[in-house]
Structures are given as structure tokens and as C-alpha cells.
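Q: Here's my sequence, what's the structure:
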Amino acid sequence: MKESKFIRSNPHLPVRNLRQTIDYYRNTLGFEEEWTWANMDGLIRDGGVRRGEMWLLFGEDSAFTNAINSETHRLSIMWFVDNIDQIFAEFCSREIVMDAPLTTHEYGLREFAFVDFNGYYIRVAASFQND
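A: Numbers count the residues shown, from 1 in each chain. Got it, this is the predicted structure:
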């Protein structure tokens with residue numbers, strides 16, 4: 001019998017436009033499109049992307065996305081990665097506008113940040129013991 005354990009958490013993030021979000025993550029951030037799902041009307045409403053071992057799940061809901069991401073507040077999400085220097089250089093070469101440069105913090109993380117297509121504040125981080 002398998003041991004009971006928690007493996008990962010993947011929030012199902014609301015997005016303004018699913019097709020544009022998946023295209024942004026694929027073309028701008030280097031993710032792979034994993035899947036999409038259409039509702040009874042044939043409209044694609046859910047989907048996911050993957051990069052390495054990280055999967056992101058999206059559901060189209062522009063009103064909710066606008067409510068949680070605006071000019072006055074943004075939902076912050078952390079992505080933990082290996083070889084953050086290489087990923088930072090890659091994202092800079094992809095001309096992603098950084099909201100915070102790659103910085104080593106006293107609390108044990110190196111991280112940088114940017115705002116994605118839907119207004120999420122993405123913090124990309126690594127423990128500096130792993131570099």
C-alpha cells in the first residue's frame with residue numbers, strides 16, 4: 001500500500017482570456033501547452049501549461065481576474081526554480097520587463113519578479129544554497 005503524502009499544490013488561476021494566456025506562456029515564457037478543455041457550448045474555458053516539473057492551471061474568468069489584479073493590488077505567486085541565474089538571463093533575453101531585478105536576500109532566497117499577462121506578480125526564486 002502506498003504511503004499517504006502531499007505532493008504539490010497547483011492553484012487554478014483565473015485569467016482574462018485563456019487562449020491568449022496560453023499563447024503568452026508558450027511564446028513569451030517558454031512553457032509548453034499541456035491541455036485545454038471546452039465546455040458544453042464548445043468554448044475553451046480551462047487549460048494548462050508546463051515547464052520542467054512545474055504545471056500551471058488556468059480557467060477563463062475575466063471579471064475575477066480583474067478583481068484580484070489591478071493597478072492598486074496584484075496576487076503574488078512564487079515559482080521555485082533551479083539555476084535562477086540562467087532563467088533570469090533567458091527571461092531578460094526574451095525582453096520580459098522585470099518588476100524587481102535578480103537579488104540575493106537575507107532570508108536565504110535569490111529572486112526576481114515580473115508581472116505576467118493577467119497582472120499576476122510572479123516572484124521567481126531559488127535558495128542560494130542550491131545555486
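
Q: so what are the domain limits for the protein?
A: Using automatic domain parsing, the domain parsing of the chain gives 10-68, 74-131.

Q: now the last one, how far from the centre of its chain.
A: Averaged C-alpha coordinates place domain 74-131 at 11 Å from its chain's average position (CA atoms, centre = their mean, to the nearest Å).

Q: ranges for the strands of this structure?
A: With strands called from DSSP state E, the chain shows them at 12-15, 32-38, 44-51, 54-60, 76-80, 98-104, 109-115, 121-127.

Q: And for the third one, what's in contact with it?
A: This means strand 44-51. 12, 18-19, 21-22, 25-26, 29-39, 55-60 (CB atoms under 8 Å, 6 or more residues apart in numbering). No exception for glycine: its C-beta is placed from N, CA and C like everyone else's.

Q: List the buried residues for it?
A: For strand 44-51, the neighbour count (16 or more other CB atoms under 10 Å) marks Asp46, Gly47, Gly48, Val49, Arg51 as buried.

Q: And those residues, which is closest to Ala126?
A: Among the buried residues of strand 44-51, Arg51 lies closest to Ala126 (CB to CB), at 14.7 Å.

Q: Would you check how far apart that closest one and Arg26 are?
A: 10 Å (CB to CB, to the nearest Å).

Q: can you list the domains of the chain in CSV and add mean pLDDT and distance to Met1?
A: Shown next, in CSV, are these (pLDDT from 0 to 100; distance: least, CB to CB, whole Å):
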stretch, mean pLDDT, distance to Met1
domain 10-68, 92, 25
domain 74-131, 94, 30
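
Q: Redo these as JSON lines? Include distance to Ser4.
A: Shown next, in JSON lines, are the domains of the chain (distance: least, CB to CB, whole Å):
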{"stretch": "domain 10-68", "distance to Ser4": "19"}
{"stretch": "domain 74-131", "distance to Ser4": "24"}
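
Q: Alright, I will stop here.
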